[in-house]
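[1] What follows is a predicted protein model with its sequence.
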Amino acid sequence: MTRKILSIAGWTIVVAAIVYFIVTSALPFFPYNQNRFAGEGFWPHFAPWLLVHIIFGIVAITLGPFQFIKAIRTKYPSTHRTMGKIYLICIVIAGCDSLYMSVNKIIIGEKAVTYGFGLFLLGTIWLLCSGMAYWAVRSRNFVQHREWMVRSFVVTCAFVTFRLFARVLTDTFGVDDNTASQIMAWACWAVPLIVAEVFLQAAKIRKGNAALANKKHAAPVQVSEV
């Protein structure tokens, strides 16, 4: 019961953070106009790229939590597979889009190498984790599929982490915007992935310990004498 309550509380926080991010950081880019996109130098060339990234990113981050609902996986497997395909397609589009912008706009155009390379690796890791999840499920390795989906969704939420903690750095600790952006370009995906990996491996250790304990306490096999 305690584990279920913690799970519900955790997902409530995650969904609330996602909704907050979409409302405050993504939806303001609609409608599509010069005034909104010119602020950070996206207009005119990179504005369509950013809009595509936002649209497909919103779809992916919205579908993500539904992939972890057991009732959908077991009772409606076709729905689960369809949502999973849409999720992965959106990541491929948004991820490739982010690689293009991080290289051409940020690294080459703005010469912001540290910031741009962090975002480039974010897009790369996003595609890799999602690709591994797809490979695993195509191989019917469902244990690995679930683990890689966890990693994929953690990276999908990276910009939620970016926006929230960049604000903490600037408002609470007085870090300037440029430094905060450089820090979060790396920390927004690296730190959550490390935390997720600890939980994934801890679950394996607990299962291994339980299996060893059961084996140790199993009744010995009786061998009859001839």
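    Perfect, thanks for sending it.
[2] hey, where'd the strands end up in the protein?
    For the chain, no strands are identified by DSSP state E.
[3] list the buried ones in the helix or strand bottoming out on mean pLDDT in it?
    Lowest by mean pLDDT, DSSP states H and E among the helices and strands of the chain is helix 34-37, with a mean of 85. Neighbour-count burial for helix 34-37 flags Arg36, Phe37 (criterion: 16 or more other CB atoms under 10 Å). All C-beta atoms are positioned from the backbone trio N, CA, C, and that covers glycine.
[4] Then stretch 177-193?
    180-190, 192-193.
[5] How about stretch 165-180?
    Across stretch 165-180, burial judged by 16+ other CB under 10 Å covers Phe165, Ala166, Leu169, Val175, Ala180.
[6] Enumerate every residue touching the fourth one.
    For Val175, the contacting residues are Leu169, Ile183, taking CB atoms under 8 Å, 6 or more residues apart in numbering as the criterion.
[7] how near is it to Arg73?
    42 Å (CB to CB, to the nearest Å).
[8] nearest residue to Phe153 other than its sequence neighbours?
    Gly64 (4.5 Å; CB to CB, 6 or more residues apart in numbering).
[9] ok, now Thr24?
    Per CB to CB, 6+ apart, closest to Thr24 is Arg163, 7.7 Å.
[10] didn't the one you found look like it was pressed against Val23?
    No: using CB atoms under 8 Å as the test, Arg163 is too far from Val23 to be in contact (11.4 Å).
[11] which of these two has more neighbours?
    More neighbours surround Arg163 than the other of Arg163 and Val23, with 18 against 10 (other CB atoms under 10 Å).
[12] gap between the more buried one and Thr170?
    The spacing between Arg163 and Thr170, counted by CB to CB, is 11 Å.
[13] Equivalent analysis for Asn209, please.
    Applying CB to CB, the value for Asn209 to Thr170 is 43 Å.
[14] and what of Leu164?
    Distance from Leu164 to Thr170, counting by CB to CB: 11 Å.
[15] Same check on Ile69?
    Taken as CB to CB, the span from Ile69 to Thr170 is 35 Å.
[16] Where do the helices of the protein begin and end?
    2-21, 34-37, 47-63, 70-75, 77-101, 113-138, 142-156, 158-171, 177-216 (DSSP state H).
[17] These into a markdown table, with extra columns for distance to Leu27?
    Shown next, in a markdown table, are the helices of the chain (distance: least, CB to CB, whole Å):
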| stretch | distance to Leu27 |
| --- | --- |
| helix 2-21 | 10 |
| helix 34-37 | 11 |
| helix 47-63 | 8 |
| helix 70-75 | 26 |
| helix 77-101 | 16 |
| helix 113-138 | 21 |
| helix 142-156 | 17 |
| helix 158-171 | 13 |
| helix 177-216 | 20 |
